[in-house]
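Trainee: Predicted model and sequence below, questions to follow.
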Amino acid sequence: MEILQDLFLPCLWAFLASVAFGLVYNIHGLGILICGLGGALGWLVYLLVQLLPAGNILAAFVAAAAIAVFSECMARLRRCPVTGYLQVALLPLVPGSGIYYAMRHCVAGETSLFLSTLLNTFGMAASLAVGAMLASTVLRILLPHLPQRHRDEQ
């Protein structure tokens, strides 16, 4: 029961959130399900890395890298731009609550809590950006050098 509550349900909500954002981004057909799977995959990786003795920032980095690899592969398979898949799948991981609580602490005059929450939020956002960029860059460098299957033109 705890696996359902701790892993499956958050991934389901991330899937649904990514599908909803995919509708906003005007992604159609199978692409919207791929976006949802990317969001669920990212959230699952984030939760699994948090089970290790690692912090939120490392978990966000690894999750962003996993989403970038998934998005690059799906974009190449479907011959679509990777940007839509990547942005939509990353949205459930964006630290919106951290931004909210940082501003709340700022308005309340709680300076130490404000700075702590703000730095953690910036770290999360930066790790999402760096993880996605690093994985995409490495894949774009490596994929052209891998052997490819050629189709016979008929």
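Mentor: Thanks, I have the structure now. Residues are numbered from 1 along each chain as shown.
Trainee: Just the buried residues of the helix of greatest length in the chain, please?
Mentor: Selection of the longest helix in the chain by residue count, based on DSSP state H, yields helix 111-142. Judged by neighbour count using 16 or more other Cβ atoms under 10 Å, the buried positions of helix 111-142 are 114, 117-118, 120-121, 123-125, 127-128, 131-132, 135-136, 139. All C-beta atoms are positioned from the backbone trio N, CA, C, and that covers glycine.
Trainee: And the furthest pair within these?
Mentor: Within those, 114 and 139 form the most distant pair, 37.8 Å apart (Cβ to Cβ).
Trainee: which secondary element of this protein has the worst mean pLDDT?
Mentor: Lowest on mean pLDDT, DSSP states H and E among the helices and strands of the chain sits helix 2-3, with a mean of 76.
Trainee: List the residue ranges of this structure that fall below the pLDDT cut-off.
Mentor: 1, 145-154 (pLDDT under 70).
Trainee: any chance you could map the helices in it?
Mentor: Counting by DSSP H, the helices of the chain are 2-3, 9-24, 30-51, 56-78, 82-90, 96-108, 111-142.
Trainee: Would you mind finding the most buried of those helices?
Mentor: Greatest average neighbour count among the helices of the chain goes to helix 82-90 (a mean of 23), per mean count of other Cβ atoms under 10 Å.
Trainee: how close does the residue most central in space within the chain sit to residue 131?
Mentor: Central residue of the chain (Cα atoms, centre = their mean): residue 90, 3.1 Å from the mean position. Distance from residue 90 to residue 131, counting by Cβ to Cβ, to the nearest Å: 9 Å.
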